[in-house]
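>>> Return a 3D structure for these sequence lines:
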Amino acid sequence: MSPTTLPAGLEHGHVTFLGAGPGDPGLLTLRAVEALANADVLVAEHDVLDVVRTHARPGVAVVNADPDPLPDPLPGTGAPHPKVVDGTSTPVGLPAVRDAAHLVMEAARGGRRVVRAVSGDPGLDTYAAEEMLACAAAGVPFEVVPGVAAAVGVPAYAGVPLRDAQGADVRFVDARTASDRCWTEVGVSDGTVVVSTTLDSVAAAAGELVSAGRKPDTPMTVTVAGTTTRQRTWTATLGTIAQTLKQAKVLPSPEGGRPVIAVVGERSAPAQRDQLAWFESKPLFGWKVLVPRTKEQAASLSDQLRSYGAVPHEVPTIAVEPPRTPQQMERAVKGLVTGRYEWIAFTSVNAVKAVREKFEEYGLDARAFAGIKVAAVGEQTAKALVAFGVKPDLVPSGEQSAAGLLEDWPPYDPVFDPIDRVFLPRADIATETLVAGLIELGWEVDDVTAYRTVRASPPPAETREAIKGGGFDAVLFTSSSTVRNLVGIAGKPHNVTVIACIGPATAKTAEEHGLRVDVMAPEPSVHKLAEALADFGVRRRAAALEAGDPVTRPSERRPGARRRRAT
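Sure, this is the predicted structure:
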């Protein structure tokens, strides 16, 4: 078959070989994200799918290319055996193809746009070149989107620069395929050596380098799960790495060892790495943080926690539902259009969402707010209004709360205010602080239930066990109801878990439930709460280093260990 002749059904199909990088989804290139968004079929091993799948469009067909565990490889090939079709995605309709290269071409059948994602960079992948050649032979057009190679990206995340101003030589070795000649060449070199190996074979690779001529006291760093929040790095020498791993209780893996990147040379000296290890020294690095909020509200908070190195786990404790009787809300929204109100005050993102949904139901948009003054409590509520196309006229200048809003709210003046009525859409369980304060300022208030908050369903058994058993390092409570609901649906967090509360009222509720509060936000803002937890992590890390203790996560403490209060 000539390269210009396409097999039946393959006309206009296209394959993008895409490098997914070493593990951090943030290392995907802009071109990679674009290709994923346009893909009809996504082909990748399971660990790579976790990195790229969130950027694929809804309904994309997903094909898991993990090696088949059956011991019957294709004769004469070492290619992995793919498992076809991820059942949670759109069926791709492929036959049980046993060769990854043929799998990719079958995925392209009928003009499909296929993304074949591989770990690191396609140019360094063991099988990607074979798959590209197979596409070329079959006349299937393809392109290559480079990715960050693990041998380069992992040392950068571990604080180990590979070159300096002197421009020392850098050699890359895959210990799994290296020949005796390769070891000899890097052994006689004085440059930096980057070794791709497995955790179980690190000591053997160090021995090969010593046998080839490297001095046993040559510095060596070993990084596992590089660029992810599971990253862990050990610093030793070629002669001591085996003992270092043993003292760290790094046990042999039954699967043959986890992939690691080891850097050998003066660039990995401990004194320098201590200054450059930016990733593992993030305030909440590796902390598993429970975020008990409504699903819609958890996203931005989780993004902030990830920036601190944490692993957020979102557990909805509150579900938002429409009011049981919608007539009151319907009359109020109509009143907005007919000029019944001088002000509308939003106290939450959910209130904005409820009014916006009612507007859309009536075919209205932000123009209906013309001539009405708009107030908002809190940064997130204000952002939700701006996203709706409404810029708030009043946001508290001080405390971001109902009390703070009342501090700035003008009293009713019959000369300057043609209308004396305020529309207040809020939750069914909201406090009366704002209503009473507005009435005291001379305003008439239509206090309308815009939505109801109810207790969410219990999380999975695994999550409940982690909450009660100390599997989480911290939990963020953003209201008293999140405390009551989490304890109600999942049980009380373990005493090693750091408890962070958004304010005094929430902290009081937590203490009433037998929880010891470690962190409290300086002001009632979810983002200030996350910042306060990060500050707690910084102080905790500094205290451990000052005492000469290893830096551990709260969940790594002894089960009965007491927790210190935040200072």
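
>>> and residue 500, what is it in contact with?
By CB atoms under 8 Å, 6 or more residues apart in numbering, the contact set of residue 500 is 474-477, 517-521, 529, 532-533, 536. The C-beta positions use only the backbone N, C-alpha and C, and glycine is treated the same way.

>>> scratch that, residue 437
Here residue 437 is in contact with 402, 403, 406, 409 (criterion: CB under 8 Å, 6+ apart).

>>> Buried residues, the helix or strand encompassing it. List them.
Taking DSSP states H and E as the definition, residue 437 sits inside helix 433-440. By neighbour count with 16 or more other CB atoms under 10 Å, helix 433-440 contains the buried residues 434, 435, 437, 438.

>>> how about these, which pair is most distant?
435 and 437 (7.3 Å; CB to CB).

>>> circling back: could I get the buried residues of helix 433-440 as JSON lines with distance to residue 146?
As requested, the buried residues of helix 433-440 are exported to JSON lines (distance: CB to CB, whole Å):
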{"residue": "434", "distance to residue 146": "55"}
{"residue": "435", "distance to residue 146": "59"}
{"residue": "437", "distance to residue 146": "59"}
{"residue": "438", "distance to residue 146": "59"}
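
>>> Closest to residue 290 out of these?
Nearest to residue 290 among the buried residues of helix 433-440, with distances taken as CB to CB, is residue 434, at 29.7 Å.

>>> How much space separates the closest one from residue 450?
14 Å (CB to CB, to the nearest Å).

>>> which residues touch stretch 313-320?
So stretch 313-320 is contacted by 288-296, 298, 302, 350, 353, 451-457, 459, 463, 472, 481-482, 485-486, 489-490 (CB under 8 Å, 6+ apart).

>>> Distance from that stretch to the middle of the chain?
17 Å (CA atoms, centre = their mean, to the nearest Å).

>>> do stretch 209-220 as well
For stretch 209-220, the distance to the chain centre is 39 Å (CA atoms, centre = their mean).

>>> Now the terminal residues of that stretch, how far apart.
Terminal residues of stretch 209-220 are spaced 11 Å apart (CA to CA, to the nearest Å).

>>> So for that stretch, mean pLDDT?
Stretch 209-220 shows a mean pLDDT of 93.

>>> cool, stretch 229-240 as well?
Mean pLDDT, stretch 229-240: 93.

>>> ditto for stretch 272-285
90.

>>> So for the protein, the centremost residue is which one?
Centroid-nearest residue in the chain, with CA atoms, centre = their mean: residue 306, separated by 5.5 Å.

>>> returning to that earlier point: wait, which of the buried residues of helix 433-440 is closest to residue 169?
residue 434 (68.5 Å).

>>> shouldn't the closest one be in contact with residue 407?
No. Residue 434 lies out of contact with residue 407 (CB atoms under 8 Å); the separation is 11.7 Å.

>>> tally of neighbours for the nearest residue to residue 112 once chain neighbours are set aside?
Counting by CB to CB, 6 or more residues apart in numbering, the nearest residue to residue 112 once its immediate chain neighbours are dropped is residue 40, at 4.2 Å. Neighbour count of residue 40, defined by other CB atoms under 10 Å: 21.

>>> Provide a list of residues in contact with residue 40.
Residue 40 sits in contact with 60, 61, 112, 113, 114, where contact means CB under 8 Å, 6+ apart.

>>> Most neighbours among those, which one is it?
Ranked by neighbours (other CB under 10 Å), these are led by residue 114, which has 28 neighbours.

>>> for that residue, which residues make a bridge with it?
residue 15, residue 41 (DSSP bridges).

>>> what's near enough to touch it?
So residue 114 contacts 13, 14, 15, 16, 39, 40, 41, 42, 43, 104, 107, 108 (CB under 8 Å, 6+ apart).

>>> What about residue 360, how many residues nearby?
10.

>>> and what of residue 177?
Look at residue 177: counted by other CB under 10 Å, it has 9 neighbours.

>>> now do residue 395
19.

>>> looking at it, it is touching residue 380, isn't it?
No. Checked against CB under 8 Å, the pair residue 395 and residue 380 is beyond contact range at 11.3 Å.

>>> for residue 263, which residues make a bridge with it?
Here residue 263, judged by DSSP bridges, has bridge partners residue 194, residue 221.

>>> Roughly how far does it sit from residue 17?
Applying CB to CB to residue 263 and residue 17 gives a distance of 27 Å.

>>> Can you show me the helices along the stretch 251-400 of the chain?
270-276, 295-307, 327-338, 349-361, 379-388 (DSSP state H, counting those that start in this stretch).

>>> List the buried residues for the shortest one?
In terms of neighbour count (16+ other CB under 10 Å), helix 270-276 has its buried residues at 272, 273.

>>> got it, and the fourth one?
Within helix 349-361, the residues scored as buried using 16+ other CB under 10 Å are 349, 350, 351, 352, 353, 354, 355, 356, 358, 359.

>>> Save the residues you listed as a markdown table, and put in distance to residue 423 and pLDDT too.
As requested, these are exported to a markdown table (distance: CB to CB, whole Å; pLDDT from 0 to 100):
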| residue | distance to residue 423 | pLDDT |
| --- | --- | --- |
| 349 | 17 | 87 |
| 350 | 16 | 88 |
| 351 | 10 | 91 |
| 352 | 13 | 93 |
| 353 | 16 | 91 |
| 354 | 12 | 91 |
| 355 | 9 | 92 |
| 356 | 14 | 92 |
| 358 | 12 | 90 |
| 359 | 13 | 91 |
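
>>> Can you tell me which of those residues comes closest to residue 337?
Nearest to residue 337 out of those is residue 359 (CB to CB; 9.5 Å).

>>> thought the closest one was touching residue 330?
No. Assessed by CB under 8 Å, residue 359 is found out of contact with residue 330, at 11.4 Å.

>>> Have a look at the protein and report the helix or strand with the lowest mean pLDDT.
helix 295-307 (a mean of 76; mean pLDDT, DSSP states H and E).

>>> distance of residue 330 from residue 423?
Distance from residue 330 to residue 423, by CB to CB: 13 Å.

>>> ugh, wrong one, I meant residue 527
Distance from residue 527 to residue 423, by CB to CB: 28 Å.

>>> Tell me how many other residues surround residue 383.
Neighbours around residue 383, by other CB under 10 Å: 15.

>>> what's the distance between it and residue 525?
12 Å.

>>> swap in residue 543?
According to CB to CB, residue 543 stands 26 Å off from residue 525.

>>> out of the two, which sits in the more crowded spot?
residue 525 (20 against 13).

>>> Tell me if I'm right that the more buried one and residue 377 touch.
No. The pair residue 525 and residue 377 does not pass the contact test of CB under 8 Å, sitting 10.6 Å apart.
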